[in-house]
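Chemist: Take a look and give me a structure for this.
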Amino acid sequence: MTDSQNAPLDAVSDRHVSDKPTLDMDTLFVTLTLPIPEHSGQLRSQVESALRSHGHPLRWAITRIDQQNAFPAIAHVEAIVTQPR
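Modeler: A predicted model of the protein is given here:
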């Protein structure tokens, strides 16, 4: 038997917990307004690129599109992003 097998359970689990790296991250709510590109196939990459300037996007949604008197139309995006502290 090794020392870790003979050690009390608390000592083994304490040792393993201290070996794990800690992740210090902030979670932020971000809202953006972006013009919708002429080719809608570019919209996803445009949104993700704009969000990366705020952190790592976890999820996002287009919550509204303004088309009145606007060309191109404007997409309103809400997102959750993480940033290292």
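
Chemist: Tell me the first helix or strand C-terminal of the lowest-mean-pLDDT helix or strand in the chain.
Modeler: Scoring the helices and strands of the chain by mean pLDDT, DSSP states H and E places helix 9-19 at the bottom, with a mean of 47. Of the helices and strands lying after helix 9-19 in sequence (DSSP states H and E), the nearest is strand 25-35.

Chemist: who does that following strand touch, helix- and strand-wise?
Modeler: helix 43-52, strand 74-84 (3 or more C-beta pairs under 8 Å, 6 or more residues apart in numbering; DSSP states H and E). C-betas here are computed from N, CA, C, even on glycine.

Chemist: Out of the ones you listed, flag the one nearest Ala61.
Modeler: Comparing the helices and strands packed on strand 25-35 against Ala61 with C-beta to C-beta, the closest turns out to be strand 74-84 (5.8 Å).

Chemist: Tell me the confidence at the spatially closest residue to Val47 that is not a sequence neighbour?
Modeler: Excluding its sequence neighbours, the residue lying closest to Val47 (C-beta to C-beta, 6 or more residues apart in numbering) is Val77, at 5.6 Å. In the prediction, the pLDDT value recorded for Val77 is 97.

Chemist: Distance of Val77 relative to Asp24?
Modeler: When C-beta to C-beta, to the nearest Å is applied, the distance between Val77 and Asp24 equals 26 Å.

Chemist: And Leu32, by the same measure?
Modeler: 25 Å.

Chemist: Tell me which of these two has more neighbours.
Modeler: A direct count of neighbours by other C-beta atoms under 10 Å for Leu32 and Asp24 places Leu32 higher, at 16 against 8.
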